[in-house]
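Asker: Sequence and computational prediction follow.
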Amino acid sequence: MVVGNGDDQVEDAGPVAEGDLVDLAEEVAALFHDTYEQLAPRFDYQTRRRSAVPWEQVPENNRRLMVATVRVVLSRLGLGEVVDVDDVAPGG
């Protein structure tokens, strides 16, 4: 599978190691959050004030939820260890 677009395309190297997956999940969650907040007004959508902040200022519980969500999604895409929704603990 090719990942990326334009000049940024790279060949997918396969599954990601567990420690790297956690880092990747946080990076994807942060990029998704910041991009979502930037795009929302273009779609006539107002996000909640509490979450309409840079990633570093998102409440910790929300950040953990987004990172856990990305880990499950990456798992379902076959990019890392198997993470099932029922196995995700809210605290980490």
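Answerer: Received the coordinates, thanks.
Asker: hey, which helix is longest across this protein?
Answerer: In the chain, taking DSSP state H as the definition, the longest helix is helix 18-39.
Asker: And stretch 35-46, end to end?
Answerer: One end of stretch 35-46 sits 14 Å from the other (CA to CA, to the nearest Å).
Asker: swap that for stretch 76-84, please
Answerer: By CA to CA, one end of stretch 76-84 lies 9 Å from the other end.
Asker: now do stretch 32-50
Answerer: End-to-end distance for stretch 32-50: 17 Å, by CA to CA.
Asker: hmm, who's touching it?
Answerer: 51-55, 58-59, 66, 70 (CB atoms under 8 Å, 6 or more residues apart in numbering). Every C-beta, even on glycine, is put in place using the N, C-alpha and C of the backbone.
Asker: Try it again at 6 Å.
Answerer: Here stretch 32-50 makes contact (CB atoms under 6 Å, 6 or more residues apart in numbering) with 52, 55.
Asker: Begin at 10 from now on, thanks
Answerer: OK, 10 is where the count begins now, so the last one is stretch 41-59.
Asker: In that stretch, which residues are buried?
Answerer: Buried residues in stretch 41-59, counted by 16 or more other CB atoms under 10 Å: 42, 46.
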